[in-house]
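Colleague: just the structure for this:
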Amino acid sequence: MKMEDILKEPARVLTQSQREAYFGDGFVSVEEFVPAETLTVLQRVTAEFQDKSRAVTESNDSFDIGPEHSAENPILRRLKSPDIQHEAYWAFSTGLMADVATDLLGPNVVFHHSKLNFKWFDASDAVKWHQDIQFFPHTNYNVLTIGCYLADTDMLNGPLAALGGSHNMDLYNQYDANGNWSGMLSDDDAAGLDMSRVEYMTGKAGSITVHNARTLHYSPASKNPIPRPLLLNCYTSADAKPYTAHPQPTRNTYRIVRGRHVQWAEHDPRPCQIPPDWSGGYTSIYAAQAGEN
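Modeller: Residues are numbered from 1 along each chain as shown. Next up is the predicted model:
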């Protein structure tokens, strides 16, 4: 659907000004959006998974751990595919977050993937500038990710930051000079960004961030020794069809969470870079940007 048609649809949970801000800037944030009782459940379940990661000695299909991870000092960088790890995560994906997605994608919404990223007191844990759509190209750019902060997030613990209007710019090359996938902009490209247009999306626990898959975004390293978890859910409009292998499919991948399947794909004429063949599996953006793949 086109932006103007989506905005004609009645809003479910966002205000019209919030919807317009998303389309104008390529992102929007809403502070303290998630109900307290829902947030408490997500925080409790997440703490349980952090504790379970103590028994992990190397990254696997569920846990992406840092190089210094140990039972005594667990460094969980990502809980992979939380939608299949616990029913509370999937209920969240198909509940309030699906309503947010509907307000910005139109009435027919597809679940793409989820992940739970952590920020640690570690300079190597910065997520560098990148765009999402090169990881999973679709026939159009009605693809977005909704983040929910599970802990208070300020400038000390690595908030998500986005470059205003970058969803309308050209896409960047996310391969390095040797042709290897890096999942990020080169240092030269990143140095050329207009930082005056960057917004750091801070907020208390329960605040949400939403960014379009073309939007340039990053998060700086945390300066807080307490890890900051960010629960992320990615959705597409039903008329945005994937044309490369999914990086990490689950049983919920491509499920309709609002509306219905559609019989016609919509095609955006703007080009999109093709990622490596993910059919053999994928690690994480942390591993890609650190050159661990």
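Colleague: now stretch 163-177, how far from the centre of its chain.
Modeller: 16 Å (Cα atoms, centre = their mean, to the nearest Å).
Colleague: wait, I meant stretch 180-198
Modeller: Distance of stretch 180-198 from the chain centroid (Cα atoms, centre = their mean) equals 18 Å.
Colleague: got the end-to-end distance for it?
Modeller: End-to-end span of stretch 180-198 (Cα to Cα, to the nearest Å): 28 Å.
Colleague: what sits up against it?
Modeller: 128-130, 134-135, 161-166, 172-177, 216, 275-276, 285, 288-289, 291, 293 (Cβ atoms under 8 Å, 6 or more residues apart in numbering). In short, each C-beta sits where N, CA and C put it, glycine included.
Colleague: quick one: low-confidence parts of the stretch 1-150 of the chain?
Modeller: The stretch 1-150 of the chain contains residues with pLDDT under 70 at 123-124.
Colleague: where do the strands of it begin and end?
Modeller: Per DSSP state E, counting those that start in this stretch, the stretch 1-150 of the chain carries strands over the ranges 27-30, 63-65, 76-80, 109-119, 127-130, 143-149.
Colleague: sorry, back to before: among the contacts of stretch 180-198, name the buried ones.
Modeller: 128-130, 134-135, 161-164, 166, 172, 174-175, 216, 275-276, 285, 288-289 (16 or more other Cβ atoms under 10 Å).
Colleague: of the strands of the stretch 1-150 of the chain, which is nearest Ala221?
Modeller: Ranking these by proximity to Ala221 (Cβ to Cβ) places strand 109-119 first, at 7.7 Å.
Colleague: hmm, Gly26 is touching Leu144, no?
Modeller: No. Judged on Cβ atoms under 8 Å, Gly26 makes no contact with Leu144 at a distance of 9.4 Å.
Colleague: out of the two, which sits in the busier spot?
Modeller: Leu144 (28 against 24; other Cβ atoms under 10 Å).
Colleague: any idea what that one is bridged to?
Modeller: Asn212, Tyr235 (DSSP bridges).
Colleague: tell me which residues of stretch 79-87 are tucked away?
Modeller: Judged by neighbour count (16+ other Cβ under 10 Å), stretch 79-87 contains these buried residues: Leu79, Lys80, Ser81, Pro82, Asp83, Ile84, Gln85, His86.
Colleague: returning to what we had before: where do the contact lists of Gly26 and Leu144 overlap?
Modeller: His211, Asn212.
Colleague: can you pull the pLDDT of Glu292?
Modeller: Listed pLDDT for Glu292 reads 53.
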